[in-house]
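J.: Sharing a model prediction with you, sequence too.
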Amino acid sequence: MGSVEVAAQAGLSLTTGTALLDDLIDGVRVGDNLVVVADDAAVLEAVGSAFAEAVANTGPLLVVAFEQRGVDIAPTAGHLRDLRQADEPSGSPTQLLERVDEEVGVGTTFLIDSLAGVQRRWQPEAALELFLTICPRLYRRRSVAMWLLDAEEHDRDFMDRIAEITQVVVRLSGSGDEVEAEVLVAAGRAPTTVGRKLRLQLRDGGLHAAGSLTPGRPRLGETIRRNRLARGLSQVELARRVGISPSGLSQVERGLRGLAGDTLIRIWEALGVPFGPQDSTPQGYRLGRRSAHAPTMLAEGATGRNLVDDPDVGRCWQIDFDVEAAGDRPLFDGKFTESIIVTQGVLELDLDGQRETLQEGDSIVAPHAVIDAWRNPGPGTATAFWYVLR
């Protein structure tokens, strides 16, 4: 079963609401914070309204609006919690959203409209605090959030900080018949996703293609970072050798700023790559982004995400077991060592005729015994990290 099907069962719609943007960013993943930055309020409204309509037709949606103007929301009744208020709310925006966050369930999708409204009613620091507080929670909650940002309302430092932590940033420049969409951040996607561009038109309240997709290319900053790490150099050390600040180099590696030609030459010389980068440069590690782990139905009532799949080490799954879910056969076929750590709830395992009950925090290693049955006897979802070792 694919990730979209599993997400739909959990009440979560993996889409921006606009097929063109879905294709541009290579799809939406569980845990994504989708930051959309636009020059034109009408463009921003079109994107937000399309997202709200698509999500509200498949699952719970929580609209968090901090000003009266904004997205026109008219989703299916019962799927919307609209927090727009005429009066000033008590407490900070983070406190306001946290109070609501405690009430909504797993799988609820968020639409934040907009951070500019937070800035106007509080301060830029309050808007950044709100984003940094909510953003990391989404993966654990099996949620997705869209954040609408007015380009003219946020300065460079604010946008740089947002780009550091979020999974997706799409910049929509222009208005009317001249809208250009560009992917600025795309964590968990192919390197060529960043830099993709598409010309669009705003027509009849929606975005329509006005040209063909321009493919992106691997970022220069990512190539510098890969070569630096392969040579065991810190950002501080490389910056010292090149004669730039560590913070400047950090921004270059994250794709937030460019480089003068002479500075780039000094970087290649400092890295021992005088003629430019080599794509075959070895790395001493493998990185897996959380947004790249699509849900997979391992068995009825057991949904897993393959966090690690390494030929030298093995696999690590994060598995959610539904209430009263049970199976009378192994989850994974083959002979190997299995290790399980329960992080939530209760999980019963049968190993060669012996039953063991694991509570939250318990673990088990089975180098020889076969785990041939499992069951969640608890009142809530059980979650475990399940290692299948080589």
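T.: That came through, no problem.
J.: Helices along the stretch 201-350 of the chain, start to end?
T.: Taking DSSP state H, counting those that start in this stretch to define them, one finds helices in the stretch 201-350 of the chain at 220-230, 235-242, 246-253, 261-270.
J.: outside of the second one, which residues touch it?
T.: Looking back up the chat, that one is helix 235-242. 228, 245-246, 248-250, 253, 263, 266-267, 270-271 (C-beta atoms under 8 Å, 6 or more residues apart in numbering). Backbone N, C-alpha and C define where each C-beta goes, glycine included.
J.: Which one of these sits in the busiest neighbourhood?
T.: The most crowded member of the contacts of helix 235-242, judged by other C-beta atoms under 10 Å, is Leu249 (25 neighbours).
J.: Which residue, other than its chain neighbours, is closest to that residue?
T.: Among residues not flanking Leu249 along the chain, Ala239 sits closest, at 4.4 Å (C-beta to C-beta, 6 or more residues apart in numbering).
J.: Can you check the pLDDT for that neighbour?
T.: Per-residue pLDDT puts Ala239 at 90.
J.: Gln251: neighbour count?
T.: 18.
J.: can you check the one 10 residues further on too?
T.: Gly261 is flanked by 7 other residues according to other C-beta under 10 Å.
J.: where's it relative to Leu220, distance?
T.: In this structure, Gly261 and Leu220 are 12 Å apart, going by C-beta to C-beta, to the nearest Å.
J.: ok so, going back, need the helices of the stretch 201-350 of the chain in JSON lines (columns: distance to Pro60).
T.: Putting the helices of the stretch 201-350 of the chain into JSON lines (distance: least, C-beta to C-beta, whole Å) gives the following:
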{"stretch": "helix 220-230", "distance to Pro60": "36"}
{"stretch": "helix 235-242", "distance to Pro60": "42"}
{"stretch": "helix 246-253", "distance to Pro60": "38"}
{"stretch": "helix 261-270", "distance to Pro60": "48"}
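J.: now for the contacts of helix 235-242, which pair is the farthest apart?
T.: Ser245 and Leu271 (17.6 Å; C-beta to C-beta).
J.: how does this structure divide into domains?
T.: 3-209, 220-270, 293-389 (automatic domain parsing).
J.: Would you work out how far apart the start and end of the shortest one are?
T.: What it means is domain 220-270. Criterion C-alpha to C-alpha, to the nearest Å; first-to-last residue distance in domain 220-270 is 16 Å.
J.: Centre of the chain to it, how far?
T.: 26 Å (C-alpha atoms, centre = their mean, to the nearest Å).
J.: Quick check: which ranges of the chain have low pLDDT?
T.: Low-confidence segments of the chain, defined by pLDDT under 70: 1-13, 67-90, 105, 217-219, 274-284, 289-293.
J.: follow-up on the earlier one: from Leu229, how far off is the residue nearest to Leu249?
T.: For Ala239 relative to Leu229 (C-beta to C-beta), the value is 14 Å.
J.: Looking at those two, which is more packed in?
T.: Ala239 (21 against 16).
J.: Can you give me every residue that contacts Thr383?
T.: Contacts of Thr383 (C-beta under 8 Å, 6+ apart): 318-321, 342-345.
J.: and if we set it to 6 Å?
T.: Residues near Thr383 by C-beta atoms under 6 Å, 6 or more residues apart in numbering: 320, 343-344.
J.: can you tell me how far the closest residue to Val30 other than its chain neighbours sits from Thr166?
T.: Residue nearest to Val30 in three dimensions, not counting chain neighbours: Arg142, with 5.7 Å by C-beta to C-beta, 6+ apart. Distance from Arg142 to Thr166, counting by C-beta to C-beta: 18 Å.
J.: what do you get for Leu349?
T.: Taken as C-beta to C-beta, the span from Leu349 to Thr166 is 38 Å.
J.: Ok, Ala56 next?
T.: In terms of C-beta to C-beta, Ala56 sits 23 Å off from Thr166.
J.: Look at these two and report which has more neighbours.
T.: Ala56 (23 against 20).
J.: Name the residues of the top helix by length along the chain that are buried.
T.: Determined from DSSP state H, the single longest helix within the chain is helix 41-56. Neighbour counts over helix 41-56 (16 or more other C-beta atoms under 10 Å) mark 41, 43-56 as buried.
J.: The residue nearest to Val30: neighbour count?
T.: 21.
J.: The one 5 residues further on too?
T.: The burial metric for Trp147, expressed as a neighbour count using other C-beta under 10 Å, is 26.
J.: can you start the count at 331 instead of 1 from here on
T.: Taking 331 as the first residue, the last one we looked at is Trp477.
J.: who touches the host helix or strand of it?
T.: Element membership of Trp477 [criterion: DSSP states H and E] is strand 475-480. Strand 475-480 is contacted from outside by 363-367, 374, 378, 381, 440-446, 468, using C-beta under 6 Å, 6+ apart.
J.: what do you get for stretch 511-521?
T.: By C-beta under 6 Å, 6+ apart, stretch 511-521 touches 354-356, 359, 493, 497-502, 523-524, 526-528, 530, 548, 619, 621-622.
J.: switch the cut-off to 8 Å
T.: 350-351, 354-357, 359, 365, 493, 496-503, 523-530, 537, 546, 548-549, 552, 585, 619-622.
J.: Between helix 371-386 and the strand holding Trp477, find me the angle.
T.: 170 degrees (axes from the mean of the first three to the mean of the last three C-alpha atoms, to 10 degrees).
J.: Show me how far the helix or strand just after strand 475-480 is from its chain's centre.
T.: Following strand 475-480 in sequence order, the next helix or strand is helix 486-495 (DSSP H and E). For helix 486-495, the separation from the chain centroid amounts to 15 Å (computed by C-alpha atoms, centre = their mean).
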